[in-house]
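Engineer: the following block contains a protein sequence and its predicted model.
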Amino acid sequence: MQFELKHKANQSKARAGLLSTDHGVIETPIFMPVGTAGSVKGIHKKDLKEDIQAQIILGNTYHLYLRPGTSIIEQAGGLHRFNGWDGPILTDSGGYQVFSLGDIRKLSEEGARFQSHIDGSYHLFTPESVMDVQRTIGADIMMAFDECTPGDADFAYAKKSLELTQRWLARCFNQFEKTTPKYGYGQSLFPIVQGGVYPALRAKAAQDVLQYNSDGYAIGGLSVGEPEADMYAMIEVVNEILPENRPRYLMGVGTPVNILEGIDRGIDMFDCVMPTRNGRNGMLFTQKGIINIRNKKWADDFTPVDPDGTSFVDHQYSRAFLRHLVISGEMLGAQIASQHNLAFYLWLVKEARRQILNNTFREWKDQMVKQLSVRL
C-alpha cells in the first residue's frame, strides 16, 4: 500500500492525498461507509458504487467472526468474493465491540474473553487470533487489537489501558509478520493510538507506534463520551507526531461537523454508523442543516430532501413522500434516507478535497460548519 500526499491546504492542516491498494486507489480525505456484517445496511453494491460513490467500505472482525464465521468466508475466497465488493475493505479489529459488551467481557494480559451477543457462547480474542481472523477475512487494511479506553476514564486507568494496548500491539505486529495474505493481494496493518483525553499519554502512544513504520496510523478511543473540545485537542497532539507521509484514520467519528474539523486538523480517513443509523430513524443531513423527517412540518413539503445536493438522492422522492414512508415504517424509507446520508457524507469529503486543492478549504469549512449545525 502506498500513500501520496498531493497538496496541503493554506492556513490549515488539511491534506489531499492518494491511497493506493491492490483493490483500487482512494482519494483522501475519505469517508468509509460501515458494513458491520460485510454489507452496508440497506444499500445495494451498485448504489454504493454509482450513486454514493464509495471508494472503500468497512467490515467488522467481531461480527464476521461470530457470523457467518471465518470458515465460510475462507471457503468463499475472502470477504471481497463473499460480498461481491471489488474495492478496498478495512476491518476494525473488534476492540470497540468487545469494549461495548460491558459486563459480558473480561480483559487480561492474554486478551479479551467475551460472550457472544448472539447465543451467549464464550470466546477469546487475543492479538494473535485477531490477526489470523483478519488474514482470513482478507481486508486490505487490518486494524490492531486494542482496548478502547472509555471517554471518562481517569488518568490511572487510561495509562494502564494504554500500556496493555501497547503490549498487545507488539504481539499484533509479531503475528502479522509471521503470517502472509491468503488471497494473492497485499494487506496492511494499522496500529491504533489510544491514551484517553490526556495529552501526555496520547503523545507517548503516538511516539510508540512510530517504531512499526506502518503503512498508516489510526486514532482510537475518541467520540466515546468525552467533550468535543477534548477530541479535537487529542487529534492535534497526535497529528503533530504522526508522520506526514502516511494516512491518518480517525476511528468512529462522526457528525459532518466532526469530519470537517478532523480534516482541518490533518485527518485523512473517517468512518461512522451515523449516516445509516440516524437515517433509519429519520435524521437527514443536508448542506443547509439537519432535518428530522418525522416532523409534521415536512408533511406537505414536495421539494427534494436537499435541493442543493442534486446527486444525493433521486429527486422523484420529496420530503413529504419520504416522511410518509418513514412514518409508515416502510423499508424503502429507511433505504432512501440511508442512501441520501451516505451520498451526502461522500460529497462532503469530496468537496473538502476540492477546496483543499483550490487553497480555499479554511473559508469554505468555516461557512459549512455554521450551515451544518442548523436544525431545520
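Structural biologist: Arrived safely.

Engineer: show me what counts as buried in the one helix or strand residue 46 maps to.
Structural biologist: Following DSSP states H and E, one finds residue 46 within helix 45-50. Going by neighbour count (16 or more other Cβ atoms under 10 Å), the buried part of helix 45-50 is 45, 47-48. Quick note: C-beta positions are derived from backbone N, CA and C, even for glycine.

Engineer: tell me which helix or strand comes right after that helix.
Structural biologist: Beyond helix 45-50 on the C-terminal side, the first helix or strand identified by DSSP H and E is strand 57-60.

Engineer: so which elements touch the next helix-or-strand element following that next one?
Structural biologist: Next along the chain after strand 57-60, taking DSSP H and E as the criterion, comes helix 61-66. When contacts are defined as 3 or more Cβ pairs under 8 Å, 6 or more residues apart in numbering; DSSP states H and E, helix 61-66 sits against strand 89-92, helix 95-100, strand 122-125, helix 127-137.

Engineer: only alpha carbons, please: show helix 61-66 as PDB.
Structural biologist: C-alpha atoms of helix 61-66 as PDB (Å, rounded to 0.1, in the frame of the first residue of the first chain):
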ATOM      1  CA  THR A  61     -13.900  -8.600  12.800                       C
ATOM      2  CA  TYR A  62     -16.100  -9.300  15.800                       C
ATOM      3  CA  HIS A  63     -19.300  -9.600  13.900                       C
ATOM      4  CA  LEU A  64     -17.900 -11.500  10.900                       C
ATOM      5  CA  TYR A  65     -16.100 -13.900  13.300                       C
ATOM      6  CA  LEU A  66     -19.300 -14.800  15.000                       C
END
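
Engineer: list of residues touching that helix?
Structural biologist: By Cβ atoms under 8 Å, 6 or more residues apart in numbering, the residues outside helix 61-66 that reach it are 36-38, 70, 73, 79, 91-94, 97-98, 116-118, 123, 125, 130, 133-134, 137, 143.

Engineer: switch to 10 Å and redo it
Structural biologist: Helix 61-66 is contacted from outside by 35-38, 60, 70, 72-73, 79, 82, 91-98, 100-101, 112, 114, 116-119, 121, 123, 125, 129-131, 133-134, 136-137, 139, 142-143, 145, using Cβ atoms under 10 Å, 6 or more residues apart in numbering.

Engineer: buried subset of these as a PyMOL selection?
Structural biologist: Remark: buried members of the contacts of helix 61-66, expressed as a PyMOL selection using 16+ other Cβ under 10 Å:
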select buried, resi 35+36+38+60+70+73+79+82+91+92+93+94+95+96+97+98+112+114+123+125+129+130+131+133+134+136+137+139+142+143+145
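
Engineer: would you put the C-alpha positions of the helix or strand harbouring residue 229 in PDB?
Structural biologist: Under DSSP H and E, the secondary-structure element containing residue 229 is helix 228-239. The C-alpha coordinates for helix 228-239 follow below in PDB (Å, rounded to 0.1, in the frame of the first residue of the first chain):
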ATOM      1  CA  GLU A 228     -15.800  17.500  21.500                       C
ATOM      2  CA  ALA A 229     -13.100  20.100  22.500                       C
ATOM      3  CA  ASP A 230     -11.100  17.300  24.100                       C
ATOM      4  CA  MET A 231     -11.400  15.200  21.000                       C
ATOM      5  CA  TYR A 232     -10.100  18.000  18.800                       C
ATOM      6  CA  ALA A 233      -7.300  18.700  21.200                       C
ATOM      7  CA  MET A 234      -6.200  15.000  21.200                       C
ATOM      8  CA  ILE A 235      -6.200  14.900  17.400                       C
ATOM      9  CA  GLU A 236      -3.900  17.900  17.400                       C
ATOM     10  CA  VAL A 237      -1.500  16.300  19.800                       C
ATOM     11  CA  VAL A 238      -1.300  13.100  17.900                       C
ATOM     12  CA  ASN A 239      -1.000  14.600  14.400                       C
END
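
Engineer: not counting its neighbours along the chain, what's nearest the most centrally placed residue in the chain?
Structural biologist: Note on the chain: the residue nearest the mean C-alpha position is residue 271, at 1.9 Å, using Cα atoms, centre = their mean. For residue 271, ignoring the flanking residues on the chain, the nearest one in space by Cβ to Cβ, 6 or more residues apart in numbering is residue 32 at 4.3 Å.

Engineer: for residue 82, phi and psi?
Structural biologist: phi -70, psi -40 (degrees, to the nearest 10).

Engineer: ok, now which ones touch it?
Structural biologist: Counting by Cβ under 10 Å, 6+ apart, residue 82 has contacts 38-39, 59, 64, 68, 72-76, 137-138.
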